[in-house]
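> could you look at this predicted model? Sequence included:
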Amino acid sequence: MRQVYLDYSATTPVKKEVLEEMLPYFTEKFGNPSSLYGIGLSAKSDLNKAREKIAKLIGAEEREIYFTSSGTEADNWAVIGAARAKKAKGNHIITSAIEHHALIHTCQYLEKEGYDVTYLKVDSKGCISLEELKNSITDKTILISIMFANNEIGTIQPIKEIAEIAKSHGIWFHTDAVQALGNIPINVKELGIDMMSMSAHKIYGPKGVGALYIKKGVVIPSFMNGGAQENKRRAGTENMTGIIGFGKAAELAGANLEKHIKQVSELRNYFVKEITSKLEDVDINGDMEHRLPGNINLTFNYAEGEALLLYMDSRGISASTGSACSSASFTPSHVLSSLGIPLEKIYSSIRFTVGDFTTKEDIDYAVEEIVKIVEKLRGFSAFSKERTWCNNGNV
Amino acid sequence: MRQVYLDYSATTPVKKEVLEEMLPYFTEKFGNPSSLYGIGLSAKSDLNKAREKIAKLIGAEEREIYFTSSGTEADNWAVIGAARAKKAKGNHIITSAIEHHALIHTCQYLEKEGYDVTYLKVDSKGCISLEELKNSITDKTILISIMFANNEIGTIQPIKEIAEIAKSHGIWFHTDAVQALGNIPINVKELGIDMMSMSAHKIYGPKGVGALYIKKGVVIPSFMNGGAQENKRRAGTENMTGIIGFGKAAELAGANLEKHIKQVSELRNYFVKEITSKLEDVDINGDMEHRLPGNINLTFNYAEGEALLLYMDSRGISASTGSACSSASFTPSHVLSSLGIPLEKIYSSIRFTVGDFTTKEDIDYAVEEIVKIVEKLRGFSAFSKERTWCNNGNV
Amino acid sequence: MGMYNDKVMDHFMNPHNAGAMENPDAVGTYGSPVCGDMMEIQLKIENNIIVDAKFRTFGCGSAIASSSVATDMIKGKTLEEALNLTNKNFIDELGGLPGPKIHCSVLAEQAVKSAIYEYAQKNGLILDGLKGFNPDLEIDEHHEEE
Amino acid sequence: MGMYNDKVMDHFMNPHNAGAMENPDAVGTYGSPVCGDMMEIQLKIENNIIVDAKFRTFGCGSAIASSSVATDMIKGKTLEEALNLTNKNFIDELGGLPGPKIHCSVLAEQAVKSAIYEYAQKNGLILDGLKGFNPDLEIDEHHEEE
Ligand SMILES: Cc1ncc(COP(=O)(O)O)c(C=O)c1O
Ligand SMILES: Cc1ncc(COP(=O)(O)O)c(C=O)c1O
């Protein structure tokens, strides 16, 4: 059966070129970068070449890139690090209601310690209000952390404007760019970003490696205590193969960016056009303008999400409800709720993400199958245009 | 030129069988274990098979193993986690003076927060005193963390006795087994360990993945906030390939343990015998009885360590001064200082570790070259038996 | 490997008795927007025996599979027999459900009971198995396992 | 790729003037157990010209390479000329040293000065380059770059 992977936001396969670059570091070039002899020193030097590639992709300097074990770690480090570093100044953090759990749960952790967190609302397109941001700032505000682009609905925030507001108040600005990286152009210097989280496995690199960009001059304490790795700011023997792979993936992402954007947005648009022309009662969630090129989030009214996913899976099609990371928890998406989407629609919503290996044939196959599946599920659903949650029996 | 790697304690190459097991997870089996469709669910199931293999190696249950990004993270998590979990009970932690920096720097971090830390002294063999341990316990003691085996001198601590003391006082016992794993038999249940840190890249697995054993019933807060991975106790997309590799490495380590111990200890003993019979003024640091099978730490009096390393490197021989992780920091080893070894001898000390790929020919070659190198360096050293630091000029 | 066993998957992918019937003798619905599940059961009843059953369900794989086995199992049973079936019976018939999905089978039990309750009310029947049953009871009490 | 450039490596692996001489006219030692480095310089001096120099060093690659170039560079120089050489000159001659290793080259400068100081003291010479020089000064002040 045809396999059509439409969940590139959850994770990507490692590209052939990336894996090839990694392979020697498992076996021959296995030295510990902290070692002083040949294979250690050359590991260190290759590690820094990977660092340079990531710096280049985002317009940073090499020494402003710190490797971590994931986007999650980068988020934890940035937020907890800023909280600790700026304790004397204040205890107020501003973020948004639609951040990834890595950010939200970290903020909640800090709230238990006595920090105040403002979760900015978003409009129906998933965008924060700059006015509300400005109004939320107090003299105790120490960090603004707003994600670059959302993982469920793909909405891209006005990062430059946010950075300017932060700067004008002398507040650090962190952004979670895990989904944005490799999908839209990013220049941290032009945008005025102080810290930025990244993850390799969303850009055709391996899982288990991420990075935090920390602008020169921004000093936050280590999140991981131990050896002198990463310029003494992040301890732990470096994930050499992961870092090498991340570097290569970043290089490819930079080289392919224009082509990638064109290709995946065309396929995504084609998918949306086909689905919505063949099926009634399909809503598009989020904004079509300020949106990641490969992302689409659709509500298939009256058909339930998990059932949809499993039927699609049985036809070889992979997509997800809510964020992949919380799929296992069966809780309705906090992102879609924040857009004001009612629960019953959230339960019928699916995220599709198109990626570099998606073809038009994949889309045609997926559309055909999805149409059949939705029709089948709607055929025996308790709901329909006529029978909704509101007018239905004893609910 | 022949390459003789004698630094298996710093890191190991990934074994062929391990890499082979990992490879499919980069490309075809690349699903996110949190995803609900086929390749996600099978990733999750394979991840748990790897967990089982690690559990088996140490006599734990599958669900007691939590994957981390390194031994360093496991150490940070265990110690900071215990400190947070037991805050209400007390603020006193007991550890040893010869722990890895991942442990010591984490304790120092907690000291800044107001925790009290006792660093137990060790005797000239590198062993803590059980008497002193008992005497250090107060009613505020919340954690005892003593490493299983030391990374520089290989000394194995009386873990079972320590665990008993901890248990009799109702105190959690954590041990850093990063060096012990795969080198000596470990059964956490028989030994009575509450938490134990491990790292894949010391047992022929990949760098960038570790694990923390947390006994059922021991509850510490997450170190990484975010998604629901690792039974909600450690967020972040799982390092799938790393975990699969760790699992395979653990399986091999278990299967080969007896053979491994015999082989590396024989080669290590042969190395020591040869070196000490061919060179005068060589001291053995640590204890030959309670010692990791592949480890030896030698002081080549009057020849300086970094110079020795570089000369050896030029002859294809890799070894290290101090702990690999702090090699780049040029500070004298806190472990050797704790044994009471004077500074000038610490500067002449080298750690060699024999591993599964070391041959007798390697040892013969290394001995021959090392003898020549030591003689050359001694030949123009400022020191000799007659001229020591103490009787020398204006020092 | 998957979340569900083969039997559940089969009932989910090829559900029995899915859809609606003409002129049902009884209809019961049960669900909760909090759970994101809703189920409707339609029954044809002759001489207090369930001669046909259909379901329409908005819900996850577990909800749909439970709907399928529940309608299978009640067919041919007397109303009292049908009332004696609990979600446990449906789960057993399905060969088990994953822990967090147990509550979806409760849905089927409650929807069946609701339909019979409606029928009993309409026809003035007093059925032992309906003692204490209240179709407006929230099912959220079954949620503790999550 | 390595920590040191090729020139440093060459001086380190094949040091010039390593060892001791018979009846040196001046001997200077300098070092610190804290740094883990110790250097001894022996000089043969004729008419205030350094005609031969030897070193014995316990130290890292940088210390040994500095010893090697320092002894090379002072040979044939007058005492005053030799005193004008600083660690900067040795580093330049070596084509650079890594940051944390700069202090090792100070060792060579100080050892040369110590040897000449001893010679000057013994022979009642007043040398401009020794003004303010004190061989017992700790070199740790040069440590800030670590
Ligand atoms: C926006 C966003 N932030 C953070 C993360 C977490 O990154 P990682 O998967 O590397 O832990 C993800 C991915 O799941 C994400 O989409
Ligand atoms: C005893 C000990 N603990 C902890 C660590 C750190 O583990 P990792 O290298 O996985 O960060 C090491 C290795 O460097 C070690 O030897």
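Sure, I can see it. Numbers count the residues shown, from 1 in each chain, chains lettered A, B, ... in the order given. Ligands and ions are numbered 1, 2, ... in the order given.
> can you give me the buried ones in stretch C:23-42?
For stretch C:23-42, the neighbour count (16 or more other CB atoms under 10 Å in any protein chain shown) marks C:24-33, C:35-42 as buried. C-beta coordinates here come from the backbone N, C-alpha and C atoms, glycine included.
> how about it and chain A, touching?
Yes: Stretch C:23-42 reaches chain A (CB under 8 Å from any CB of the partner chain) through C:29, C:30, C:31, C:32, C:33, C:34, C:36, C:37, C:38, C:39, C:40.
> farthest-apart pair in the residues you listed, please.
The distance between the two most remote of the residues of stretch C:23-42 next to chain A (CB to CB) is 18.0 Å, for C:34 and C:40.
> what ranges does chain C have for its helices?
In chain C, the helices defined using DSSP state H lie at C:6-13, C:61-74, C:79-84, C:87-94, C:102-123.
> same question for the stretch 151-300 of chain A.
A:159-168, A:188-191, A:229-232, A:240-278 (DSSP state H, counting those that start in this stretch).
> and these: which comes nearest chain C?
helix A:240-278 (19.8 Å; CB to the nearest CB).
> what about that closest one, near ligand 1?
No: for helix A:240-278, no contact with ligand 1 is found by CB under 6 Å from any ligand atom; the gap never falls below 10.7 Å.
> that helix vs helix B:240-278, what angle?
Orientation check (axes from the mean of the first three to the mean of the last three CA atoms, to 10 degrees): helix A:240-278 against helix B:240-278 gives 170 degrees.
> what comes up buried for helix A:240-278?
Applying 16+ other CB under 10 Å to helix A:240-278 flags A:240-254, A:257, A:260-261, A:263-265, A:267-268, A:271-272, A:274-275 as buried.
> now do it, average pLDDT.
What helix A:240-278 shows for mean pLDDT is 98.
> and what of stretch A:190-207?
Stretch A:190-207 carries an average pLDDT of 98.
> list the buried residues in that stretch.
Applying 16+ other CB under 10 Å to stretch A:190-207 flags A:191-207 as buried.
> ok, residue A:340 to chain D distance?
According to CB to the nearest CB, to the nearest Å, residue A:340 and chain D sit 56 Å apart.
> which residues touch that residue?
When contacts are counted by CB atoms under 8 Å, 6 or more residues apart in numbering or on different chains, residue A:340 is found next to residue A:124.
> and it, how far from residue D:4?
63 Å (CB to CB, to the nearest Å).
> now do residue A:359
In terms of CB to CB, residue A:359 sits 52 Å off from residue D:4.
> have a look at the two and say which one is more surrounded.
Taking neighbours as other CB atoms under 10 Å in any protein chain shown, residue A:359 and residue D:4 compare with residue D:4 leading, 23 against 12.
> check what pLDDT the spatially closest residue to the more buried one that is not a sequence neighbour gets.
Using CB to CB, 6 or more residues apart in numbering or on different chains and skipping residues adjacent in sequence, the residue nearest residue D:4 is residue D:61, 5.6 Å away. Note on residue D:61: pLDDT of 91.
> where does chain C dip in pLDDT?
By pLDDT under 70, the low-scoring segments of chain C are C:1, C:33-35, C:136-146.
> which strand or helix spans residue A:351?
Secondary structure from DSSP states H and E places residue A:351 in strand A:349-353.
> in the chain, which residue is most central in space?
Reading this off chain A. residue A:179 (3.0 Å; CA atoms, centre = their mean).
> you answered for a different chain; I wanted chain C.
Taking CA atoms, centre = their mean, the centroid of chain C lies closest to residue C:108, which sits 2.2 Å from it.
> and it, how far from ligand 2?
50 Å (CB to the nearest ligand atom, to the nearest Å).
> what's the answer for residue A:161, then?
40 Å.
> excluding sequence neighbours, find me the nearest residue to that residue.
Going by CB to CB, 6+ apart, residue A:161 has residue A:130 as its nearest residue, at 5.6 Å.
> how many other residues sit next to the one you found?
With other CB under 10 Å as criterion, residue A:130 counts 15.
> ok, now which ones touch residue C:113?
Contacts of residue C:113 by CB under 8 Å, 6+ apart are C:28, C:83, C:129, C:130, C:133, C:135.
> wait, the residue nearest to the centre of chain C touches residue C:87, no?
Yes: here residue C:108 reaches residue C:87: they are 6.7 Å apart, a contact under CB atoms under 8 Å.
> quick one: common contacting residues for those two?
Residues touching both residue C:108 and residue C:87 (CB under 8 Å, 6+ apart): residue C:66.
> residue boundaries of the helices in the stretch 1-150 of chain A?
According to DSSP H, counting those that start in this stretch, the helices that the stretch 1-150 of chain A contains are A:16-22, A:38-58, A:71-85, A:101-112, A:130-136.
> let me see the domain layout of chain A.
A:4-10+A:257-379, A:16-253 (automatic domain parsing).
> most neighbours per residue, which of the ones you listed?
domain A:16-253 (a mean of 22; mean count of other CB atoms under 10 Å in any protein chain shown).
> mind listing what's buried in stretch C:124-137?
Of all the residues in stretch C:124-137, those buried under the rule 16+ other CB under 10 Å are C:127, C:129, C:130, C:135.
> for the strand holding residue A:351, give the mean pLDDT please.
96.
> the following helix or strand past it near chain C at all?
With elements assigned by DSSP H and E, the helix or strand that comes after strand A:349-353 is helix A:360-379. Yes: using CB under 8 Å from any CB, helix A:360-379 reaches chain C at residue A:379.
> elements contacting helix A:360-379?
strand A:4-5, helix A:240-278, helix A:305-314, strand A:317-318 (3 or more CB pairs under 8 Å, 6 or more residues apart in numbering or on different chains; DSSP states H and E).
> so what's residue A:137 closest to, chain neighbours aside?
Using CB to CB, 6+ apart, the closest residue to residue A:137 is residue A:169 (5.5 Å).
> revised request: answer the last question for residue C:77.
Spatially, and ignoring its direct neighbours in sequence, residue C:77 is nearest to residue C:50 (5.6 Å; CB to CB, 6+ apart).
> residues near the one you found, how many?
26.
> who's it bridged to?
For residue C:50, the beta-bridge partners are residue C:45 (DSSP bridges).
> what sits against it?
C:43, C:44, C:74, C:75, C:76, C:77, C:78, C:79, C:82.
> in strands only, show me the buried residues of stretch C:23-42.
C:26-32, C:37-42 (DSSP state E).
> now the residue nearest to the centre of chain C: how far from residue C:84?
Taking CB to CB, one finds residue C:108 at 14 Å from residue C:84.
> ditto for residue A:113
For residue A:113, the distance to residue C:84 - CB to CB - is 53 Å.
> what does chain A put close to chain C?
Residues of chain A lying near chain C (CB under 8 Å from any CB): A:302-307, A:310-311, A:314, A:330, A:332, A:343-344, A:346-347, A:379-383, A:389, A:392-395.
> wait, doesn't residue A:1 sit right on residue A:315?
Yes: using CB under 8 Å, residue A:1 is in contact with residue A:315, at 7.1 Å.
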